[in-house]
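A.B. asks: here is my input; please provide its structure:
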Amino acid sequence: MTNTASANFGWEVAGGKKAAKKTEPKTKDKKDVPKIDILPPIQTSSTIYDLIRESDDEEINNNKSVKSAKAVVTTKMDSPKKTTRKEPKESLNLVNTSMVSVQKKKQSPKQVPKNTDQELESALKDLKLDEFEKQLSQLESLFPNNNLVINENLIAFLNKKLEPIPEIDPNPCQEQFYPISMMEKSVLKFLNVQLTKLNKNDADKLFEFCLNNLFFDNQKIPSNHGHKIAFQLISKLNPNLSINLEKFNEKINANRHRHQRLLIALWALGQFGYYNLENGLKNWFDSMLAQLNTKGCANFIIFYLNNLLEHHKIAPKSKIHIKIDQYDKIYELVNDKNLNLSKEAAQKLKNSFDLLRNIFKQDVVKESSYFEALLHRLPAEKCPRQDDIMELLLDCLLKNKDSLLKWKQCYSKNLAQSVLLLEEVSAKHFKELKSLKYTRDTFKYFDEQTTHLMAKLNISNKDMHPKAHHFARSKSNKAHSETDLLKKFSHLVKSINQTHYKKSSLGQMVFKTFFYSILAVSLFFYWDANYNKSIYTNSVQKQLRKYGLLDHTLKVINSVKQLIYSVQKTLSYYIPIWQRKFRETVIPLTERALKTSKEYGTLVWVKSEPYRDLIVQYTNEGVKYVEDNYPFVLKNLNSCGQLALDYIITVSNFVAYYLFSSIDYVGVNLMGLKRGELENVIFDGFRFILDKIADLLIQVANYINKL
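C.D. replies: The predicted structure follows:
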């Protein structure tokens, strides 16, 4: 039964008999079949996504063609009307075409270009104050006491009025205050008044508002002339406004592909420099310079720096502050061989660098704080950068004595650079350096420190390492590079000290002074007696004769001559004997005594360290206790010390005054002498003293002769 039922419906069942006949469904007449018109496919407007979905478009077109072919084969019907299929639009090909090329195809035929500058100038002149005042009244009613929102809407209204004018790229050859200088005066005054109501925080927000609108991706805003005028007004009214450069740099880096808008943003940031040079240089170094490799920005950035310096009339002796990091940036920029600039821009850059370098050189000479940073930047290899920094370091050393003190503090951290600087100084500039105040002390300090450090590390000036294979020697050289630098520095310092600062004892100094003085006086009187007719000799004799000191002076001179001859004779005999005895007996005993004293002194110092620490600790605790509990004691001690000093000064003045008064009183009132006679008595005392000195010298000479 199952087989029979299934056979009735035309099904074949396993194990059953095959159906004798298949039942075919009745076909409908052609009139009953609905007619299908083949319509063109739906097309969408071309967008930027077609660049990415090109492969999908091709698949869709292929599927459509297959489906249409199938429809024609299966339906097999005659359509009463022939429909012509429209050809699909060309899809955007990323290789062959671009959005720009598609837009160019859709553009109307070329029109004759107009003078955009004249259009903008006429539009700025045609601005009406009544429209802005009407707009202001509406905004004040909507946003009372909200100056920021009011100014934002006024700037947007201004920009909308100037939207039909095409955008104009900032040109470094344009006037610095363009386009605000072309604006209608009454409207400019109105905007000035409104923007003056903003505080610094609101002015910063308004600048950010204009910057965001500048990079707002909206094709309905073809130009930004109103925002440009806002940038100029903000910089004019707030020249010291500190823009958040980190946020600004993030914004322009995210829009580096939009070259025209990026150029306008850099132009807007540069407007602050025309009113505040320090702010302009900071913006140029920290923000604008980073966009130098952006398309179309290099020449503008270089010309802006030159225009900025010319606008403020900067000369080599101008007082502006340039940081060392800024100098490094512009030096690298000038010496960058891969920089693509026009000839005029390259010349402007060179002129700006020369001017800034002269100003930086003045700062280096005046402030010794630059010395350590420059020394750290000195390259070890021979290159133009090394010559440039070496010149700055030498100027700093030779023209600022405090730089020597900085060198003492930082030479150990920059040993390789100090060796290079010392070699240059000792070779070419030591005579100039020697005349400075702290030069001798500085090199003495270098000698002491390097000698102590080498002794601590057990380093000698000779090479103590045996010769080995060159691979081993290269490794040891790398390991001992600091040691070699220290040895080289020590050798240079010692050679300079031995050449220019020879040690001399007190006896040598006294002997040299006495010898050169006698020689100079003798030559003078010899010249006076033989070539000057003894004019000075006779004048000196007259003065000595006037006071009655001539005979005594001649007696002293003869005594000195006899003494010199006697000393010379005695020394020539006894000096060799004394020298031999001194070498044999005194020197060994002295060395032994010094060694013993040093050992016991070191022992005492080491043993007394706990006691010294206790003394210092208790002293500090006592001082702190007195300061905390009895502050008036220290105050009284200070006042007592000052009072004692005042009393000493007063007493000394009192004693001096009464001493002179007593001399006058004794000479005039008690002794009955006239004024001036007491002076003669004093001169007689001098004569007596001179006679005694002469007699003493004669006795010494006679004693020496008896030996």
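A.B. asks: what comes up buried for stretch 172-186?
C.D. replies: Of the residues in stretch 172-186, those scored as buried under the neighbour-count criterion (16 or more other CB atoms under 10 Å) are 172, 176, 178-180, 182-183. (Glycine included, C-beta is placed from N, CA and C.)
A.B. asks: can you tell me which of those is nearest Lys343?
C.D. replies: Taking CB to CB as the measure, Lys343 lies nearest Pro172 of those, at 14.7 Å.
A.B. asks: dump the residue contacts of that closest one.
C.D. replies: For Pro172, the contacting residues are 299-300, 303-304, 307, by CB atoms under 8 Å, 6 or more residues apart in numbering.
A.B. asks: switch the cut-off to 10 Å
C.D. replies: By CB atoms under 10 Å, 6 or more residues apart in numbering, the contact list for Pro172 reads 267, 270, 299-307, 344-345, 348.
A.B. asks: could you do Asn159 as well?
C.D. replies: Remark: with contacts taken as CB under 10 Å, 6+ apart, Asn159 is in contact with 210, 213, 221, 223-230.
A.B. asks: and those residues, which is the shakiest by pLDDT?
C.D. replies: Within the contacts of Asn159, the minimum per-residue pLDDT falls on Ile221 (59).
A.B. asks: between which two of the contacts of Asn159 is the distance greatest?
C.D. replies: Spatial extent of the contacts of Asn159 (CB to CB) is set by the pair Ile221 and Ile229 at 15.0 Å.
A.B. asks: the more surrounded of those two?
C.D. replies: When Ile221 and Ile229 are compared on other CB atoms under 10 Å, the one with more neighbours turns out to be Ile229, at 23 against 17.
A.B. asks: excluding its backbone neighbours, what's nearest that one?
C.D. replies: For Ile229, ignoring the flanking residues on the chain, the nearest one in space by CB to CB, 6 or more residues apart in numbering is Ile180 at 5.5 Å.
A.B. asks: export stretch 583-601 as PDB, just CAs?
C.D. replies: What follows is stretch 583-601, C-alpha atoms only, in PDB (Å, rounded to 0.1, in the frame of the first residue of the first chain):
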ATOM      1  CA  ARG A 583     123.800  65.800  52.900                       C
ATOM      2  CA  GLU A 584     125.500  63.200  55.100                       C
ATOM      3  CA  THR A 585     123.900  64.000  58.400                       C
ATOM      4  CA  VAL A 586     120.900  66.400  58.300                       C
ATOM      5  CA  ILE A 587     119.000  64.900  55.300                       C
ATOM      6  CA  PRO A 588     118.800  61.300  56.700                       C
ATOM      7  CA  LEU A 589     117.800  62.500  60.100                       C
ATOM      8  CA  THR A 590     115.200  64.800  58.700                       C
ATOM      9  CA  GLU A 591     113.700  62.000  56.500                       C
ATOM     10  CA  ARG A 592     113.600  59.700  59.500                       C
ATOM     11  CA  ALA A 593     111.900  62.300  61.600                       C
ATOM     12  CA  LEU A 594     109.300  63.100  58.900                       C
ATOM     13  CA  LYS A 595     108.500  59.400  58.400                       C
ATOM     14  CA  THR A 596     108.100  58.900  62.200                       C
ATOM     15  CA  SER A 597     106.000  62.000  62.600                       C
ATOM     16  CA  LYS A 598     103.800  61.000  59.700                       C
ATOM     17  CA  GLU A 599     103.300  57.500  61.100                       C
ATOM     18  CA  TYR A 600     102.400  58.700  64.500                       C
ATOM     19  CA  GLY A 601     100.300  61.500  63.100                       C
END
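A.B. asks: quick one: mean pLDDT for it?
C.D. replies: When pLDDT is averaged along stretch 583-601, the result is 83.
A.B. asks: with stretch 265-274 instead?
C.D. replies: According to the model, stretch 265-274 has a mean pLDDT of 92.
A.B. asks: now the helix or strand containing Leu233: buried residues?
C.D. replies: Secondary structure assignment for Leu233, by DSSP states H and E: helix 225-237. Buried residues in helix 225-237, counted by 16+ other CB under 10 Å: 225-236.
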